[in-house]
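Turn this into a model:
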Amino acid sequence: MSDVVNNKAQHRFELTVDGHRADAYYKLEGNVITFVHTEVPPELGGQGVGSKLVKGALEQVRAEGMKVIAQCPFVKAYIDKHAEYQDLLET
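A predicted model of the protein is given here:
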């Protein structure tokens with residue numbers, strides 16, 4: 001697996017595995033990033049790729065000192081299950 005890449009031009013975080021790309025799309029307003037949709041190709045389903053993608057994205061968001069709005073149900077569920085990312089949520 002490669003590392004999670006922030007493709008700022010396309011407003012998405014990307015993780016490429018075995019030639020397939022999973023994406024976490026976002027909108028950016030100031031210091032707040034809103035995750036709107038996550039896509040994992042069927043070929044990568046059930047391998048934890050979505051979780052690795054979201055974890056990598058959240059780590060980059062934390063490093064940049066940003067806050068998160070988890071509009072995407074997958075991102076919201078991930079943060080709900082991983083308390084260490086709760087502090088990133090915009091209140």
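
what comes up buried for the helix or strand harbouring R62?
R62 belongs to helix 49-63 when assigned by DSSP states H and E. Going by neighbour count (16 or more other Cβ atoms under 10 Å), the buried part of helix 49-63 is V49, G50, K52, L53, V54, K55, G56, A57, L58, Q60, V61. Placement of C-beta: from N, CA and C, glycine included.

export stretch 53-62 as CSV, just CAs?
Listed next in CSV are the C-alpha coordinates belonging to stretch 53-62 (Å, rounded to 0.1, in the frame of the first residue of the first chain):
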residue,chain,number,x,y,z
LEU,A,53,-7.5,6.3,3.8
VAL,A,54,-9.5,8.1,6.4
LYS,A,55,-6.9,7.6,9.1
GLY,A,56,-4.2,9.0,6.8
ALA,A,57,-6.4,12.0,5.9
LEU,A,58,-7.2,12.8,9.5
GLU,A,59,-3.5,12.6,10.5
GLN,A,60,-2.7,15.2,7.8
VAL,A,61,-5.6,17.4,8.9
ARG,A,62,-4.3,17.2,12.5
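
Contacts for that stretch next, please.
Stretch 53-62 has contacts (Cβ atoms under 8 Å, 6 or more residues apart in numbering) with 3-4, 6, 13-15, 22-24, 26, 33, 35, 38, 40, 68, 74-75, 78-79, 82, 85, 88.

pLDDT averaged over it - what is it?
The average pLDDT within stretch 53-62 is 97.

quick check, distance from that stretch to the centre of its chain.
6 Å (Cα atoms, centre = their mean, to the nearest Å).

Run me through the strand neighbours of whichever strand in the chain runs longest, direction for each.
Scanning the chain for the strand with the most residues, using DSSP state E, yields strand 20-29. Counting by DSSP bridges, the strands paired with strand 20-29 are strand 12-17 (antiparallel), strand 32-39 (antiparallel).

what's the most buried one of the ones you listed?
Ranked by mean neighbour count, the strands paired with strand 20-29 are led by strand 12-17 with a mean of 20 (mean count of other Cβ atoms under 10 Å).

ok, residues contacting it?
Counting by Cβ under 8 Å, 6+ apart, residues outside strand 12-17 touching it are 1-7, 21-26, 44, 47, 49, 52-53, 56-57, 60.
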